[in-house]
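Engineer: model the following, please.
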Amino acid sequence: MDSLHSSLLALLASLLAAALACSGSSSSGKPAAADLPPADDGQLQADDDNDTTPAFDRELADRINEEMGFLPYLDIKPVRSEPGRNGYTVYYYSTDDLECYYGGEANVAVSYGGSDNVMFFMEGGGASWPGYSFAVSLDFLGDLGYRNRRPENPLRDWNFVYVPYCDNSIHAGDADDLENGREVHHRGLRHTAAAAALAGRLFPNAQKVLITGASAGGFGTYEAWPIVKSQFMDAQTYIMSDSGVGFFNPERLDTWTTIKQAWNLHIPSQCTRCSGPVLTYLYELMMRIDPQVKIGMFSSWHDIIISRMFLQMNKDAFAALLGEVTDQIKADFPDRFARFIISGATHTCYQIPFVGPPAGANYAVDGVSLYEWIDQLVNDEPYWTDHLQPVD
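Structural biologist: As a prediction, this is how the structure comes out:
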């Protein structure tokens, strides 16, 4: 890793640590790990015979679930729970079932709101593969982005299921590897499945579920939807990727091959456009399966963290590919896919100096703030649409 990478990682970690230090702590009195009901087995249930909405493609979804290989991981259960910061309850897992990149203990944190809705949030933190590491484990229970209880946040009364980042493989890896002779573990698929199963046990009557994440967590949404949906078959689901554009550098196909092998990525074969390094097209597959799901994407045109540090792409090539790929998805699903893309090179809507926009989720384009845009998404407003600032 070069000095610029190292310096930026240190800066990001220190800024996020400062944000965390500002959050309080309290006990929740919520269910302990041993009191949780069993998870759904991931197999899809029959639709109501009186339902007149377009049919959910159960057969296709079941094939994808089997192919992705996450079904056995739905049985992973936490071994204990403890009060965490900022009103969260933290559920910990045995390292025999689920471990972090360097073998540490993994967890999932839950903040209970007052509604029947769930936000499934995956944290970011970079990535690692042979010959490259630009990653840091992040586990912050402070108020960042739209994961907060502020009055202006339309999700303020939702239940938050927070998946920290410690797998270095965009919440999707399923493999062991060696790093400088040391064994490391890409357990993102297990972590995501265990978190989804926990969420399903805690909130079996959820009405709406938003699957979302920032940076590497935004990348994680591309494979997380089938996992989370398997636990919430009666809920409406939505996706919002914050700075997780889904594609890798098309000029570095050897790197893409290395990543797939190192992480043992399970990319559904039914995604006919996913033969190359563009996982963004998985969104199309999700919308083919489920005629209800709607998907939003937030990014800047020249996101410096993703374009320069992660993908090692020229900023103009990055912006061009972002426009080309998302234009195609928008053309195919004009009413169910929308973008909120801003000028500049900021990364995520976290209100952190030098990284996110100064206004955070209050940042507005065309007079509509990101908060308002998310509200329109999860409430199926007909005027939810693209808001695109110029490419600068």
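
Engineer: next, residue 126: phi, psi?
Structural biologist: The phi/psi pair for residue 126 (degrees, to the nearest 10) reads phi 90, psi -160.

Engineer: isn't it right up against residue 135?
Structural biologist: Yes - contact criterion C-beta atoms under 8 Å: residue 126 and residue 135 qualify, at 3.5 Å. For the C-beta atoms, the positions are set from N, CA and C on the backbone; glycine is no exception.

Engineer: need the strands for the stretch 201-350 of the chain, in chain order.
Structural biologist: In the stretch 201-350 of the chain, the segments counted as strands under DSSP state E, counting those that start in this stretch are 208-214, 236-242, 294-300, 337-342.

Engineer: these: which one's closest to residue 190?
Structural biologist: For the strands of the stretch 201-350 of the chain, proximity to residue 190 was assessed by C-beta to C-beta; strand 208-214 is nearest, at 16.5 Å.

Engineer: wait, which of the strands of the stretch 201-350 of the chain is closest to residue 250?
Structural biologist: Across the strands of the stretch 201-350 of the chain, closest to residue 250 is strand 294-300 (C-beta to C-beta), at 17.3 Å.

Engineer: which strands or helices does the closest one pack on?
Structural biologist: strand 236-242, helix 282-289, strand 337-342, helix 370-378 (3 or more C-beta pairs under 8 Å, 6 or more residues apart in numbering; DSSP states H and E).

Engineer: what sits against the residue lying closest to residue 322 once chain neighbours are set aside?
Structural biologist: In this structure, residue 322 finds its nearest non-sequential neighbour in residue 245, 5.7 Å apart by C-beta to C-beta, 6 or more residues apart in numbering. Residues near residue 245 by C-beta atoms under 8 Å, 6 or more residues apart in numbering: 218, 219, 280, 297, 299, 303, 306, 322, 325.

Engineer: where does the protein have low pLDDT?
Structural biologist: Counting by pLDDT under 70, the chain contains low-confidence ranges at 1-53, 356.

Engineer: what ranges do the helices span in it?
Structural biologist: 3-21, 58-68, 188-202, 216-229, 253-263, 282-289, 304, 315-332, 370-378 (DSSP state H).

Engineer: quick revisit: distance-wise, check the residue nearest to residue 322 relative to residue 307.
Structural biologist: 9 Å (C-beta to C-beta, to the nearest Å).

Engineer: still on that earlier bit, now the strands of the stretch 201-350 of the chain in CSV, with mean neighbour count and distance to residue 166?
Structural biologist: Output for the strands of the stretch 201-350 of the chain, formatted as CSV (neighbours: other C-beta atoms under 10 Å; distance: least, C-beta to C-beta, whole Å):
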stretch, mean neighbour count, distance to residue 166
strand 208-214, 27, 14
strand 236-242, 25, 19
strand 294-300, 25, 24
strand 337-342, 22, 28
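
Engineer: for residue 181, find the nearest of those.
Structural biologist: strand 208-214 (31.5 Å).

Engineer: just checking, what packs against that closest one?
Structural biologist: strand 117-122, helix 216-229, strand 236-242.

Engineer: given that strand, what are its sheet partners and their directions?
Structural biologist: Applying DSSP bridges to the sheet, strand 208-214 is found paired with strand 117-122 (parallel), strand 236-242 (parallel).

Engineer: distance to residue 146 added to the helices of the chain, as CSV?
Structural biologist: CSV is the format used below for these (distance: least, C-beta to C-beta, whole Å):
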stretch, distance to residue 146
helix 3-21, 14
helix 58-68, 27
helix 188-202, 18
helix 216-229, 12
helix 253-263, 28
helix 282-289, 20
helix 304, 21
helix 315-332, 20
helix 370-378, 6
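
Engineer: which of these sits closest to residue 154?
Structural biologist: Per C-beta to C-beta, nearest to residue 154 of the helices of the chain: helix 370-378, 3.5 Å.

Engineer: so the closest one versus strand 294-300, what angle?
Structural biologist: Angle of helix 370-378 versus strand 294-300, following axes from the mean of the first three to the mean of the last three C-alpha atoms, to 10 degrees, is 160 degrees.

Engineer: could you dump helix 370-378 to PDB, C-alpha only?
Structural biologist: Listed next in PDB are the C-alpha coordinates belonging to helix 370-378 (Å, rounded to 0.1, in the frame of the first residue of the first chain):
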ATOM      1  CA  LEU A 370     -31.200  13.200   0.200                       C
ATOM      2  CA  TYR A 371     -33.400  12.700   3.200                       C
ATOM      3  CA  GLU A 372     -36.500  13.600   1.200                       C
ATOM      4  CA  TRP A 373     -35.400  11.400  -1.700                       C
ATOM      5  CA  ILE A 374     -35.100   8.400   0.600                       C
ATOM      6  CA  ASP A 375     -38.500   9.200   2.100                       C
ATOM      7  CA  GLN A 376     -40.000   9.200  -1.400                       C
ATOM      8  CA  LEU A 377     -38.300   5.900  -2.100                       C
ATOM      9  CA  VAL A 378     -39.600   4.000   0.900                       C
END
